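Chemist: one predicted model, sequence on top.
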Amino acid sequence: MNTKELNQQLRGMMLAQFGVDRVLTVTDLSNDDLHAMRQYTTDEILIEQIDLYIVKNDYVELINSIDTYQHINHINGMGVMQERSKKRHIIERFAKEGTADQQKIAKNALKNIK
């Protein structure tokens, strides 16, 4: 058994033991965690709840990236330049791969970014 399989099993056990409501209240769940839990469960209601949480996380990431990029857009420095580049990459990813609403928000933000 490799590390990835072990991580997926542990996430699945956490979901089974605590239930989706309690697991989804953990603030530091990444989308990778959620995808692993989604693969582990067969309950359609849980899958829908996890999918909704993934979409919510995506929106939060997109909005935070746009906000951060706009706030640091006019500051100079190497660290700021790297952070701007990282946030712009996230926004561009949503413009290409996001849902229709996410694409609209990301493209509008990119249009306003020089």
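Modeler: In hand now; what should we look at?
Chemist: who touches the helix or strand hosting residue 5?
Modeler: Here residue 5 sits within helix 3-18, counting by DSSP states H and E. Applying Cβ atoms under 8 Å, 6 or more residues apart in numbering, the external contacts of helix 3-18 come out as 23, 33, 36, 37, 39, 40, 41, 46. The way it works is simple: take the backbone N, C-alpha and C, and place the C-beta from them, glycine included.
Chemist: any idea how far the third one lies from residue 4?
Modeler: Using Cβ to Cβ, to the nearest Å, we find residue 36 at a distance of 9 Å from residue 4.
Chemist: compare the two (neighbour count), which wins?
Modeler: residue 36 (21 against 10; other Cβ atoms under 10 Å).
Chemist: who touches the host helix or strand of the more buried one?
Modeler: Using DSSP H and E, residue 36 sits within helix 31-40. Residues from elsewhere that reach helix 31-40, judged by Cβ under 8 Å, 6+ apart: 7-9, 11-12, 14-16, 23, 47, 50-51, 53-54, 57-58.
Chemist: and if you look at stretch 81-93?
Modeler: 61, 62, 65, 66, 68, 69, 72, 73, 106, 109, 110, 113.
Chemist: just put those residues in TSV and tack on secondary structure.
Modeler: TSV is the format used below for the contacts of stretch 81-93 (DSSP: H, G, I helix; E, B strand; the rest coil):
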residue	secondary structure
61	helix
62	helix
65	helix
66	helix
68	helix
69	helix
72	helix
73	coil
106	helix
109	helix
110	helix
113	coil
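Chemist: care to break the protein down by domain?
Modeler: The chain breaks down into these domains under automatic domain parsing: 1-41, 57-114.
Chemist: against residue 26, how distant is the spatially closest residue to residue 68 that is not a sequence neighbour?
Modeler: Closest residue to residue 68 apart from its sequence neighbours, by Cβ to Cβ, 6 or more residues apart in numbering: residue 87 at 5.2 Å. With the distance defined as Cβ to Cβ, residue 87 ends up 25 Å from residue 26.
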